[in-house]
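Colleague: Okay, sequence plus prediction incoming.
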Amino acid sequence: MKLYDYILSPSCYKVRLLAALLGIPLELRAVDFHPGGEHRTPALLALNPAGSIPILEDDDLRLTESAAMLVYLASLKSSDWLGRDTAAEAARTEQWLSFAQRLTASLGGARLCEMLLRPGDLAALQAAGIAALRELEAALVEQRLRGERFLVADRPTIADIACFPYVALAPDGSVSLDPYPSIRLWLRAVRALPGFIEMPGIHRLHELKPEPVHGAEGEPA
Amino acid sequence: MPSTDAAPLTPLALSEDLPPATVMPIWTPEGPMALWRSVGGTLSLAADRCPHRGMRLSHGFVRGEALSCIYHGWSYDQGGRCLRIPAHPDLEPPASIRVATGSVLEAGGVIWRARADDPSLPPDFPGFVPLRSLSFAVSRDVISRTLGGESAGPGILKGTLAGSAVILLCAEQAEGTSLIHLLAPADATLDQRIAVSRAAETLRRAAETGTTEAAA
Amino acid sequence: MTIGAMRDEWYPVGLRSKVDANGQQTLLMGEPIRLHESEGGEIVVETADGRRLPVVIGHGHVWTSLGQPDKPLFAIPEADQPGRRLVEVGVVRVRCSPLRAVENFLDIAHFPFVHTDILGAEPHTEVERYEVEIREHEDEVWATKVKFYQPQAAKSAAGGITTDYMYRVPAPTCSVLYKTCPARPGEWDVITLFVQPLTEELCDVWPWMALYDDVTPMTDLIHFQQMIFLQDRSILENQIPRRLPLDPGMEIPTRADLTSVAYRRWLKRHNYTYGAQLVAQ
């Protein structure tokens, strides 16, 4: 399975993250999105006329939407992650997959303006991002009241993976996460999942490892 | 001189939002602070700035009974004293390396900023339990007017949301914003709690857009 | 705030390969400027009121100055050696002082915590003694004999190695790092950080590299360096104060920070204070 990937793209990271959590190996093909603009070259447009990444290829299947890639990976490996146990759960999962597109447009847009100097109305993107974060916080408050730690259940699903990256990286677009206690705990719960991998801007949860005792482990030979 | 009427205890956060081994940023009039809870459950409040390179400690991590800075791993005990400098594992950090700390009290599921020179206890709200905290982009006065409730002490409002009696603990934040800790009746059902949480969103929309329509 | 002595220095304002006849707008020390390529292929940099600024092309970038630089752009002779691949990493904007961005680049003690499992990892956190000097003749800050254990020092590194480093500060907002070259022992890879001060608390960072590596695809080299720098960005945007304190007392250095101490001293000596905080609060 081959992923056309960019290390700084939260959408590409969604796919890398779920693959890592599920233990699915990916062949990564780095795309020079910045500064090269390779996603808009004829070779890449031939794969995805929309000019976006990620692109996932598996035999004759070619996907260009990250939500579809999450569905595909989860379907291959684990129905738990699909978030489709009941009709309501399936619908809520779809709701969050669509909501994730708003995060991409708002928080992702603000991030591209602030970090990689892409044109855009920064204030409007940030305001839309804050509105989305407030909706997410309210939903997570209700989940906590129901005794559930994740977006659609008490277990992680593709809904969480679809929303996690742009939320975690909101500060890259100068949108603070300080006002959202339930989002903070949810981000932490995702980061603590076995097999979790980081992307730049999301630090390791060092507390998951005990403090090293100096001298207990020798220097490498 | 200790004062009993000025500078009342300020609500900082809800206990449930700060489980063991976590840290959160807090805004106070003295500046940004890092509120953290050790693995053993002890609460501490430290200035949100590592004295080494100025990095915010609220971005750090809690291991055991210490708070560590994410930048270089310098760690601090609950009294603010530097315990460990990973770049120099054999060095006992000088006692002069420390972060300023503050006093906190925890009661009824709410964490309060206390004053070392003030023995008062946080107010008690029998029959109520914490529901959630949320930030408003308006001042406490605007929230009070929009809610249409009554004052029940400095920074404390009583009112009704979604048909339930509620208490709002208000803390002024930077730039005219407010942090609200919302308390709901202890005997409210799950559906009622969710309804109160949603009504708080409506209250916020009304307060921030200046509409006077009752949020309840 | 006056710009002071830093006004007469050279600053990177764009990748030479990306400036065309259409031109681009940017900011240098608060002043809006515009770059474009003339019909004759010359790069022109002008202020909003039409003042032509001095221009030099070097190390893959366009450099200019609001003042009158009295010396040429610093040289990086190693980067001119044949067989090196020159890597244009591209711009990243950071809400921090340009001086804080350089100081972070000079720091190794953060590797295990910020670049975990790549440039460093616990328990290998110790910074051994290294040498720092201000070379009077060149008027540059140098740190040599720096060593650090790294799990994955470069894209071409297969596993953990103890990596040797030298750091050099040839200009107030530029640093050059010389680092063990995994592909060619005995040679140094050249990794630079060129910082464009937009304001005292906002900068555009232009990393650039000259590597011996014939194997790794260019895009992977770019992504490796972007990954490293973007791990630093969230640190740089959360330091208080945003400006670099030059007076002692505000921040506490240790022996691991000798390069930073020398850098701050050198900045202060030259009155290079754009992006600095001078009075301890």
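Modeller: The structure has been received and is ready for your questions.

Colleague: any low-confidence regions in the chain?
Modeller: I went with chain A, as the question did not name one. Applying pLDDT under 70 to chain A flags the ranges A:214-221.

Colleague: that's the other chain; I wanted chain C
Modeller: Confidence mapping of chain C against pLDDT under 70 gives the ranges C:1-2, C:153, C:157, C:280-281.

Colleague: tell me what the helix or strand hosting residue A:97 is packed against?
Modeller: Using DSSP states H and E, residue A:97 falls within helix A:87-103. Under the contact criterion of 3 or more CB pairs under 8 Å, 6 or more residues apart in numbering or on different chains; DSSP states H and E, helix A:87-103 touches helix A:66-77, helix A:122-145, helix A:158-168. (Glycine included, C-beta is placed from N, CA and C.)

Colleague: Recalculate using a threshold of 7 Å.
Modeller: Contact partners of helix A:87-103 among helices and strands, from 3 or more CB pairs under 7 Å, 6 or more residues apart in numbering or on different chains; DSSP states H and E: helix A:158-168.

Colleague: Kindly export the helix it packs on (C-alpha atoms) in PDB.
Modeller: Output of helix A:158-168 as PDB, limited to C-alpha atoms (Å, rounded to 0.1, in the frame of the first residue of the first chain):
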ATOM      1  CA  ILE A 158     -11.800   6.700  12.700                       C
ATOM      2  CA  ALA A 159     -13.900   9.700  13.900                       C
ATOM      3  CA  ASP A 160     -11.200  10.500  16.400                       C
ATOM      4  CA  ILE A 161      -8.400  10.000  14.000                       C
ATOM      5  CA  ALA A 162     -10.100  12.200  11.400                       C
ATOM      6  CA  CYS A 163     -10.500  15.100  13.800                       C
ATOM      7  CA  PHE A 164      -7.300  14.700  15.900                       C
ATOM      8  CA  PRO A 165      -4.500  16.200  13.700                       C
ATOM      9  CA  TYR A 166      -6.000  19.600  12.800                       C
ATOM     10  CA  VAL A 167      -7.200  20.100  16.400                       C
ATOM     11  CA  ALA A 168      -3.900  19.100  18.000                       C
END
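
Colleague: So which residues make contact with that helix?
Modeller: A:10, A:13-14, A:17-18, A:67, A:70-71, A:74, A:81-83, A:93, A:96-97, A:99-100, A:103-104, A:107-108, A:133, A:136, A:150-152, A:183, A:187, A:190, A:202 (CB atoms under 7 Å, 6 or more residues apart in numbering or on different chains).

Colleague: Now look at the helix or strand that that helix is followed by and say if it contacts chain C.
Modeller: The first helix or strand that comes after helix A:158-168 along the chain, using DSSP H and E, is helix A:181-191. No - using CB under 7 Å from any CB of the partner chain, helix A:181-191 stays clear of chain C, coming no nearer than 12.7 Å.

Colleague: Apart from its chain neighbours, what residue comes closest to residue 100?
Modeller: Because you didn't say which chain, this covers chain A. residue A:162 (3.9 Å; CB to CB, 6 or more residues apart in numbering or on different chains).

Colleague: my bad, the chain I had in mind was chain B
Modeller: For residue B:100, the spatially nearest residue (CB to CB, 6+ apart) is residue B:47, at 4.2 Å.

Colleague: got it, and residue B:68?
Modeller: residue B:75 (4.0 Å).

Colleague: Run a quick neighbour tally on the closest residue to residue B:176 other than its chain neighbours.
Modeller: Spatial nearest neighbour of residue B:176, excluding adjacent residues (CB to CB, 6+ apart): residue B:139 at 5.3 Å. Counted by other CB atoms under 10 Å in any protein chain shown, the residues lying close to residue B:139 total 16.

Colleague: before we move on, what about residue A:45?
Modeller: Residues near residue A:45, counting by other CB under 10 Å: 12.

Colleague: What of the one 10 residues further on?
Modeller: As a burial measure, residue A:55 scores 24 neighbours (other CB under 10 Å).

Colleague: Relative to residue C:265, how far out is it?
Modeller: To residue C:265, residue A:55 is 51 Å away according to CB to CB, to the nearest Å.

Colleague: repeat for residue A:23
Modeller: 52 Å.

Colleague: Tell me which of those two has more neighbours.
Modeller: residue C:265 (14 against 10).

Colleague: can you confirm the more buried one is in a helix?
Modeller: Yes - assessed by DSSP: H, G, I helix; E, B strand; the rest coil, residue C:265 belongs to a helix.

Colleague: dump the residue contacts of the residue nearest to residue B:100.
Modeller: B:31, B:33, B:99-100.

Colleague: Which one (most neighbours) among those?
Modeller: Within the contacts of residue B:47, neighbour counts (other CB under 10 Å) peak at residue B:33, which reaches 26 neighbours.

Colleague: Neighbours of the residue nearest to it when sequence neighbours are not counted, how many?
Modeller: Distances taken as CB to CB, 6+ apart put residue B:26 closest to residue B:33, at 4.5 Å, once the chain neighbours are dropped. Using other CB under 10 Å, the number of residues around residue B:26 comes to 27.

Colleague: Next, residue B:26: secondary structure please.
Modeller: The three-state assignment at residue B:26 reads strand, by three-state DSSP.

Colleague: So it versus chain C, what's the distance?
Modeller: Distance of residue B:26 to chain C, computed by CB to the nearest CB, to the nearest Å: 14 Å.

Colleague: now do residue A:113
Modeller: 9 Å.

Colleague: so that residue makes contact with residue A:120?
Modeller: Yes - using CB atoms under 7 Å, residue A:113 is in contact with residue A:120, at 4.4 Å.

Colleague: Looking at the two, which one has more neighbours?
Modeller: residue A:113 (20 against 15).

Colleague: how about the residues of the stretch 101-250 of chain C near chain A?
Modeller: Residues of the stretch 101-250 of chain C found near chain A (CB under 7 Å from any CB) are C:113-114, C:116, C:122-123, C:149, C:160, C:217, C:219-220, C:222-223, C:226-227, C:230-231, C:233-234.

Colleague: Quick check: which element contains residue C:34?
Modeller: strand C:31-37.

Colleague: ok, that strand: who's next to it in the sheet?
Modeller: strand C:24-28 (antiparallel), strand C:43-47 (antiparallel) (DSSP bridges).

Colleague: Look up how far residue B:154 lies from the closest residue to residue B:113 other than its chain neighbours.
Modeller: Distance criterion CB to CB, 6+ apart; nearest residue to residue B:113, sequence neighbours excluded, is residue B:10 at 4.3 Å. As judged by CB to CB, residue B:10 and residue B:154 stand 9 Å apart.

Colleague: More neighbours: which of these two?
Modeller: Shown here are residue B:10 and residue B:154; by other CB under 10 Å, residue B:10 has more neighbours (20 against 13).

Colleague: Going along the chain, name the helices of chain C.
Modeller: Assigned by DSSP state H, the helices in chain C fall at C:98-105, C:111-114, C:218-236, C:258-269.

Colleague: Can you lay out those as TSV showing distance to chain B?
Modeller: Compiled in TSV, the helices of chain C are given as follows (distance: least, CB to the nearest CB, whole Å):
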stretch	distance to chain B
helix C:98-105	8
helix C:111-114	5
helix C:218-236	5
helix C:258-269	8
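
Colleague: what does the domain assignment say about the chain?
Modeller: Let's take chain A. A:2-80, A:81-191 (automatic domain parsing).

Colleague: that's the other chain; I wanted chain B
Modeller: According to automatic domain parsing, the ranges for chain B are B:10-114, B:128-209.
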